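Asks: structure of the sequence below:
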Amino acid sequence: MADEVRVELGFDGGLIVLMRLAEGEWDKLRSQLEQGSGSVMVAYDEGTCYVDVSKVSYTKCEQHGGKVGF
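Replies: All right, here's what the predicted structure looks like:
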């Protein structure tokens, strides 16, 4: 993926899901998370999943630009 975002979703009950998303997919997921309810289909590096945002207890997002070096 060209511009990707690493996202960690923590769900009620302790399940944690890590995924790499295209920026457009992250924008779609973030928008639904801000609404606080409903579900959203997200295409990520390993396939497609549906996220019930009412069950998400935390989100961690890392966006990396093109870095060179150590």
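Asks: when you work out contacts or count neighbours from here on, use the C-alpha atoms and nothing else.
Replies: Noted.
Asks: how close does S31 get to G13?
Replies: Relative to G13, S31 is positioned 23 Å away (C-alpha to C-alpha, to the nearest Å).
Asks: who's more crowded, these two?
Replies: S31 (12 against 9; other C-alpha atoms under 10 Å).
Asks: how far away is the more buried one from G14?
Replies: Going from S31 to G14 by C-alpha to C-alpha gives 23 Å.
Asks: what about V7, helix or strand, and which?
Replies: Secondary structure from DSSP states H and E places V7 in strand 4-11.
Asks: which residues are contacting that strand?
Replies: Contacts with strand 4-11, where a contact means C-alpha atoms under 8 Å, 6 or more residues apart in numbering, come from 16-23, 26, 55-64.
Asks: repeat that with 7 Å
Replies: Strand 4-11 has contacts (C-alpha atoms under 7 Å, 6 or more residues apart in numbering) with 16-23, 26, 55-63.
Asks: can you say which of these are buried?
Replies: Neighbour counting by 16 or more other C-alpha atoms under 10 Å classes 19-23, 26, 55-56 among the contacts of strand 4-11 as buried.
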